[in-house]
Structures are given as structure tokens and as C-alpha cells.
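>>> Here's my sequence, what's the structure:
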Amino acid sequence: MIDWDGIAFERGYKNPVEMVDDLYWGRGMSLNEVSDELIVSRTALIKFMKENGLSLIHISEPTRPLYISYAVFCLK
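Model (predicted):
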């Protein structure tokens with residue numbers, strides 16, 4: 001079992017949701033980068049998101065001159 005509270009506290013966050021939100025949304029990391037940063041599997045990260053009411057919306061704009069792809073966390 002992953003100690004999400006411990007991981008968040010060690011990195012100076014109030015709680016795990018704030019930590020994941022900052023890494024993903026605030027710093028623009030991909031899910032793979034966040035899971036690498038936290039040394040957890042992508043599956044564990046997705047499970048954490050579901051358990052904490054975070055959903056992921058992937059948005060891409062392939063019609064633009066430069067392909068743009070980003071994701072947003074939303075509270076359910």
C-alpha cells in the first residue's frame with residue numbers, strides 16, 4: 001500500500017490531492033512524469049485519482065499548426 005500522505009508531507013504539501021494537482025496541473029507534468037516523480041506506478045496514480053474524486057480530461061487540438069495536447073484534473 002502506498003503512503004500518499006507521507007509522500008505529500010515529505011514534499012511540503014498539505015495533502016496528496018494538492019500534491020498531484022500541483023505536479024500535474026501546476027507544473028504541467030504528464031501522468032508518466034508524475035508517477036516517476038512520486039516513484040509509484042501509473043496504475044497506482046490512476047487508482048488514487050479515482051479514489052479522491054479526481055477525473056482526467058485529455059484535450060488535444062490536432063488541427064492547429066503545432067499539435068497541442070494537455071490534460072486537466074476536475075473534481076467530480
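>>> Would you mind giving the secondary structure of Gly12?
When classified by DSSP: H, G, I helix; E, B strand; the rest coil, Gly12 comes out as coil.
>>> Longest helix of this structure, counting residues only.
helix 42-51 (DSSP state H).
>>> list the buried ones in that helix?
45, 48-49 (16 or more other CB atoms under 10 Å). Every C-beta, even on glycine, is put in place using the N, C-alpha and C of the backbone.
>>> what does stretch 29-42 give?
Quick answer for stretch 29-42 (16+ other CB under 10 Å): 29, 31, 34-35, 38, 40.
>>> same deal with stretch 12-21?
Applying 16+ other CB under 10 Å to stretch 12-21 flags 13, 16-17, 19-21 as buried.
>>> Which parts of the chain are strands?
Secondary structure of the chain (DSSP state E): strands located at 54-61, 68-75.
>>> so Leu54 makes contact with Val20?
Yes - counting by CB atoms under 8 Å, Leu54 touches Val20, with 7.0 Å between them.
>>> Please list all residues in contact with Met29.
Shown in contact with Met29 (CB atoms under 8 Å, 6 or more residues apart in numbering): 23, 37.
>>> give me the low-pLDDT residue ranges for the chain?
55-76 (pLDDT under 70).
>>> rewinding a little: now flag whichever of the buried residues of helix 42-51 is closest to Trp25.
Met49 (12.0 Å; CB to CB).
>>> Test my guess that that closest one contacts Leu23.
No - between Met49 and Leu23 there is no contact under CB under 8 Å: 12.0 Å.
>>> just to revisit the earlier point, how far does the longest helix of the chain sit from its chain's centre?
Distance of helix 42-51 from its chain centroid, counting by CA atoms, centre = their mean, to the nearest Å, is 9 Å.
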